[in-house]
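Participant: Got a sequence here, can you model it:
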Amino acid sequence: MKRYLLCVTLLSGLNSGIAQTNDISIDGLKFNRNGKAFNYCGISFFNAIYNPAFNETTKARKYWLEKLRSNGITVLRIWGQWDNKRGFIDTCPSCTLYTNDGELHKKHLETLKAIARDAEALDMIVLFVLFQRESWEDNIRLSDEASDRAVKELTSELRSYRNLIFQIWNEFDYRVIEYYKAIKSIDPDRLVTNSPGYGGVLGSPEENRLLDFLSPHTSRDDYRHWNLAPKEIAFLVAKYAKPVVDDEPARRGTPDFGGPKVETSPVDHIIHMYNVLRAGGHVIYHHDMFQTGYGTDAIPQNGIPNPDFSQYHRQVFDFLKNREKYFR
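Facilitator: Here you go, the predicted model:
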């Protein structure tokens, strides 16, 4: 009996060690996976759970993941709530992981798990955003009790998916500390971050000290964002000594949703992200391939952010794909 218990203990320790090794971890200002440096470079794919073409088959999903990975992308920023009323592609009232009482929609949960599994095969990370200010402003809100239930159930359901990071809000900071503590009480090793507000809102000192890393939306001044953003990133890096991700670099897009009011160039994005990387930050390419609805010029026919959709985006992806050569 003692020998049996010893074997069980040893196996449990080995399994625990494997899980911890596979965790995304932080090393100073960088990220690690499997004990090796992880090059964090993301893309906005908010509609990933709810896009029919992306999730048509596992083969289709892997094709697009491989294409993004071959263009330098290692992180997908995905939203749990895609139920706002702004007219973005793939939005609908039932496009959310949560019922009104905080239960999880099993179908959408299984899709998220499938995305995470397929991303894992390519050593890619899912940055999963639990709640969205856009839905909140449309009065699509969970009560505190329901949202607590949703956070706890989601944390438990995803505990074995170690290539996944939780971002509590997109551009909001309601009850961030409470949600953070709820997640950590169930899964202490899960990395948790938050996007606290609009461009240039860098978060409160209390939250910034608590979060595992920072992911603000930097300033979007049409003529200076490539200079302002790296200064904001450098300030946060120096003050909090943890990784800082420029979560939505100022980008091409409709002025109706925070996009620039002037003509933009791919060079704007490239210089912006280059300067952020030089400042010690990390980047997520935030584009306009979801904002204006199917059938408009900005949207790929299938609604998937495609590096080859336009020459404009192709130039930005060329930089992301080859970014390491500029820092040798």
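
Participant: what residues does stretch 284-300 touch?
Facilitator: 41-44, 46-47, 73, 75, 77, 87-90, 127, 245-249, 251-254, 256-257, 259, 269, 273, 301, 303, 305-306, 309, 313, 316-317, 320 (C-beta atoms under 8 Å, 6 or more residues apart in numbering). The C-beta positions use only the backbone N, C-alpha and C, and glycine is treated the same way.

Participant: and if you look at stretch 157-166?
Facilitator: In contact with stretch 157-166 (C-beta under 8 Å, 6+ apart) are residues 19, 22-24, 33, 104, 109, 112-113, 116-117, 119-120, 123-128, 130, 155, 183, 186-187, 190-193.

Participant: Apply 6 Å and report the result again.
Facilitator: Stretch 157-166 has contacts (C-beta atoms under 6 Å, 6 or more residues apart in numbering) with 22-23, 116, 120, 125-128, 183, 187, 191-192.

Participant: Of the contacts of stretch 284-300, grab the buried ones for PyMOL.
Facilitator: For the buried members of the contacts of stretch 284-300, the matching PyMOL selection, counting by 16 or more other C-beta atoms under 10 Å, is:
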select buried, resi 41+42+43+44+46+47+73+75+77+88+89+90+127+245+246+247+248+249+251+252+253+259+269+273+303+305+306+309+313+316+317+320
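
Participant: Could you list which of the contacts of stretch 284-300 belong to strands?
Facilitator: The members of the contacts of stretch 284-300 that map onto strands under DSSP state E are 41-44, 75, 77, 127, 245-246.

Participant: give me the low-pLDDT residue ranges for the chain?
Facilitator: 1-21 (pLDDT under 70).

Participant: What sits closest to residue 91 if chain neighbours are left out?
Facilitator: Using C-beta to C-beta, 6 or more residues apart in numbering and skipping the chain neighbours, the partner closest in space to residue 91 is residue 82 (5.3 Å).

Participant: number of nearby residues for that neighbour?
Facilitator: 26 (other C-beta atoms under 10 Å).

Participant: Mind checking which of the contacts of stretch 157-166 are in strands?
Facilitator: 125-128, 192.

Participant: Residue 312 and residue 289, how far apart?
Facilitator: 10 Å (C-beta to C-beta, to the nearest Å).

Participant: Over to residue 216?
Facilitator: On the measure of C-beta to C-beta, residue 216 and residue 289 end up 22 Å apart.

Participant: between those two, which one's more packed in?
Facilitator: Neighbours per residue (other C-beta under 10 Å) separate residue 216 from residue 289, with residue 216 holding more: 28 against 22.

Participant: pretty sure that one is touching residue 202, no?
Facilitator: Yes. The pair residue 216 / residue 202 is scored as a contact, 4.9 Å apart, by C-beta atoms under 6 Å.

Participant: just so I have it, where are all the helices in the stretch 1-150 of the chain?
Facilitator: All helices of the stretch 1-150 of the chain, identified by DSSP state H, counting those that start in this stretch, fall at 2-22, 58-70, 106-120, 133-137, 144-157.
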